[in-house]
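Got a predicted structure plus its sequence, pasted below:
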Amino acid sequence: MKRRRLLATVGAGLASGVAGCLDPPGDGEQTPIDEDAPLRLERVRMRLQTPWGASFHPETGSLFVTERPGRVVRATGNNLGPVGDLTGDTAAYGQAGLLGLAFDPTEPTDLYVYQTYDGENGLRNRVLRLDASRQFAVDSVVLDGIPGNTVSNGGRIAFGPEGALWVTTGDAGEPQNAQSRVSLAGKVLRVTRDGEAHPDNPFDSPVYTYGHRNPRGLTFADDAVYVVENTPDLVDELNRLERGGNYGWPEVAGAADDDRFVDPVLSWQDPLIGPGSITHYTGPIDRWRGSFFVGALTGTHLRQVTFGDGDPEQRTLYGDLGRIRTTFTGPDDHLYFTTSNQDGRGDPDPTDDEIYRVRPP
């Protein structure tokens, strides 16, 4: 099916506008995943400008996203559109900009974002806390001093089951920083809501793991933390985090079979897929339950990964929508994902970029 044809028929009643809530009509287009079990693909929102982070309000259930140029946008519910404008101090160059987004699950007025900005010595990254009760104004700088660049900024943030804030950072174009436990570049960080090092971290610092190149996806499953990351022209990785683990970059990419480094649980090369995100699915679609879903940017598809007794099972889905950036699940337990065709590397249609939801028939 051609991509423009899919966009024209993807959801009855949704192709000409935006779904204003999380319960669009139930007679949407049936989009086959396999021959015996068609699922419904629904377009939730369109005409966004490079959506990156996504988070649901813990009380209202409304979905908010960041647009990389520097805006926070309410994507569902009432009063759709921008609610916070940080374009004035966001450095949206190349892959940099306003990236990750996470509501504090216990303080609904607190929204955390990951932002690239122009510092005194060049591009830097930081985590900001916004106040949703004051038109999403900046409340405080939670974590600063993260090296930045036009590439490899990491940028994913999320609250874990234990209540800590997790932050992924890229090597910012300086690979050796990933091996330095002093630098915050090329790491997965775990901090408190106020940006202090979590008391159970391995190095008495925000660093939880190191040796990462550009971890752009983060999810939690079965008391474990998983990230996906890419190393250009070499190998893409899915890693299960071990406290204090060294994931090898730039000494090695992919499996090293070396006790100094933690090997990925899955890697991709020939072809690379350019993973942009990962989420763990526990929703109502039986055959998907327990799977991971990876947004593939270079691969332009949604990648399902299921771990069992043998080698992981993989399937590619929705290959007609272009670059897929962010995968996530909602309070309804359904799978959502965003396209990223406005990011300078895609082939945008007039309705790009978009948010989709997958539901049972």
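Right, received. Where do you want to start?

dump the residue contacts of Thr339.
By Cβ atoms under 8 Å, 6 or more residues apart in numbering, the contact set of Thr339 is Leu321, Gly322, Arg323, Ile324, Arg325, Gly346, Asp352, Asp353, Glu354, Tyr356. No exception for glycine: its C-beta is placed from N, CA and C like everyone else's.

per-residue pLDDT, it?
At Thr339, the model reports a pLDDT of 98.

Show me which positions of stretch 252-266 end up buried.
Neighbour counts over stretch 252-266 (16 or more other Cβ atoms under 10 Å) mark Val252, Ala253, Ala255, Ala256, Phe261, Val262, Asp263, Pro264, Val265, Leu266 as buried.

Go through these and name the one nearest Gly119.
Closest approach to Gly119 among the buried residues of stretch 252-266 (Cβ to Cβ): Ala253, at 28.9 Å.

Now do the strands in the stretch 201-350 of the chain.
207-210, 215-221, 224-231, 235-240, 266-268, 275-280, 292-296, 301-306, 313-317, 324-329, 335-339 (DSSP state E, counting those that start in this stretch).

I'd like the ones you listed as TSV, with distance to Gly119 appended.
Listed next are those as TSV, based on distance: least, Cβ to Cβ, whole Å:
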stretch	distance to Gly119
strand 207-210	20
strand 215-221	22
strand 224-231	24
strand 235-240	29
strand 266-268	34
strand 275-280	25
strand 292-296	29
strand 301-306	35
strand 313-317	40
strand 324-329	26
strand 335-339	28
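
Relative to Arg68, which of those is closest?
With Cβ to Cβ as the criterion, Arg68 lies closest to strand 324-329 of the strands of the stretch 201-350 of the chain, at 9.6 Å.

what packs against the closest one?
On a contact count with 3 or more Cβ pairs under 8 Å, 6 or more residues apart in numbering; DSSP states H and E, strand 324-329 meets strand 51-56, strand 275-280, strand 292-296, strand 301-306, strand 335-339.

can you give me how far that strand is from the chain middle?
Chain-centre distance of strand 324-329: 6 Å, with Cα atoms, centre = their mean, to the nearest Å.

re earlier: closest one to Leu48 among the strands of the stretch 201-350 of the chain?
Leu48 lies closest, by Cβ to Cβ, to one member of the strands of the stretch 201-350 of the chain: strand 335-339, at 7.5 Å.

and the helix or strand just after that closest one, what other elements does it pack with?
Proceeding N to C from strand 335-339, the next assigned helix or strand is strand 355-359, under DSSP states H and E. Contacts defined by 3+ Cβ pairs under 8 Å, 6+ apart place strand 355-359 against strand 39-45, strand 335-339.

which one of the ones you listed is the most hemmed in?
Most buried of the helices and strands packed on strand 355-359, by mean neighbour count (mean count of other Cβ atoms under 10 Å): strand 335-339, with a mean of 27.

How far off centre is that one?
Distance, centroid of strand 335-339 to centroid of chain: 10 Å (Cα atoms, centre = their mean).
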